[in-house]
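Student: Have a look; sequence and predicted model below, questions after that.
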Amino acid sequence: MADSEKPLLIKRYASRRLYNTETSDYVTLEDIAGFIRKGREVQIVDLKSGDDLTRQYLLQIVAEHESKGENVLPVDVLTDLVRSYATGMQSVMPQFLAQSFEMLRNSQSKMMENLAAFPNPMTSMPGYEALRKQQEAFLKTMMGGVPGWASSGPEREDAGEGKPDDIADIKKQLAELQAKLSKL
């Protein structure tokens, strides 16, 4: 198995500092969030006890992002999650959430395929190509933080539309947007 396919091992020391075993340096929660955004799986373990702390730290990352105004989880969803711990839903909730995210990934992939597969009479309209590129860049930006979503659809470069320079510009703009979002 290649190194990028194995989870990145992060060790938590007694001082609560987090140590990246691949690069031999200390990392922050934001660094770990960045690894995950790039598609890397992580595993965080307590150095002394060997306990797996991954879930605890992932929840902490989500909580920090939510507290900074990056609201992804509506209050009613959070309320339902809290309620599920006190009901029989606790055993069903993990499968439900996993299937919901899988459906979202599949829907995004199908939408990208549909954009590429079906001829559209609007293609002859002036400005259509620029609009299509903006829509595609928007979708990639919205789904870009989730591994496999932004690249799950067919690449538009091989659709024969647009210039390679335009696609490179869009990719550059997308990377800049993702960098800005990561800093927030």
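Tutor: Alright, I've got the coordinates.
Student: Domains in the chain, by residue range?
Tutor: The chain breaks down by automatic domain parsing into domains covering 8-72, 89-183.
Student: how far is the shortest one from where the chain is centred?
Tutor: Relative to its chain's centre, domain 8-72 lies at 15 Å (Cα atoms, centre = their mean, to the nearest Å).
Student: Quick one: end-to-end length of that domain, please.
Tutor: 25 Å (Cα to Cα, to the nearest Å).
Student: Likewise for the longest one?
Tutor: Domain 89-183 has an end-to-end distance of 36 Å (criterion: Cα to Cα).
Student: Report the rounded mean pLDDT for that domain.
Tutor: For domain 89-183, mean pLDDT is 68.
Student: Identify the residues contacting stretch 42-62?
Tutor: Counting contacts by Cβ atoms under 8 Å, 6 or more residues apart in numbering, the residues outside stretch 42-62 that touch it are 7-14, 18-19, 29, 32-33, 35-36, 72-73. No exception for glycine: its C-beta is placed from N, CA and C like everyone else's.
Student: Any idea which of the domains of the chain gets closest to residue 81?
Tutor: Between residue 81 and those, the shortest separation by Cβ to Cβ is 7.1 Å, and it involves domain 89-183.
Student: Which ones among the contacts of stretch 42-62 lie within strands?
Tutor: When the contacts of stretch 42-62 are checked against strands (DSSP state E), the matches are 8-12, 18-19.
Student: quick one: buried residues of stretch 33-51?
Tutor: By neighbour count on 16 or more other Cβ atoms under 10 Å, the buried set for stretch 33-51 is 33, 35-36, 40, 42, 44-45.
Student: Dump it to CSV, keeping only the CA atoms.
Tutor: Extracted in CSV, the C-alpha atoms of stretch 33-51 (Å, rounded to 0.1, in the frame of the first residue of the first chain):
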residue,chain,number,x,y,z
ALA,A,33,-8.0,19.7,8.6
GLY,A,34,-5.8,20.6,5.6
PHE,A,35,-4.6,17.0,5.2
ILE,A,36,-8.2,15.8,5.2
ARG,A,37,-9.3,18.4,2.7
LYS,A,38,-6.6,17.2,0.4
GLY,A,39,-8.1,13.7,0.6
ARG,A,40,-5.7,12.2,3.2
GLU,A,41,-7.0,9.9,5.9
VAL,A,42,-5.6,10.6,9.4
GLN,A,43,-5.4,8.6,12.5
ILE,A,44,-4.6,10.3,15.8
VAL,A,45,-3.4,8.2,18.7
ASP,A,46,-2.4,8.9,22.2
LEU,A,47,1.3,8.1,22.5
LYS,A,48,1.2,6.8,26.1
SER,A,49,-2.0,4.7,26.0
GLY,A,50,-2.3,4.0,22.3
ASP,A,51,-6.0,5.1,22.4
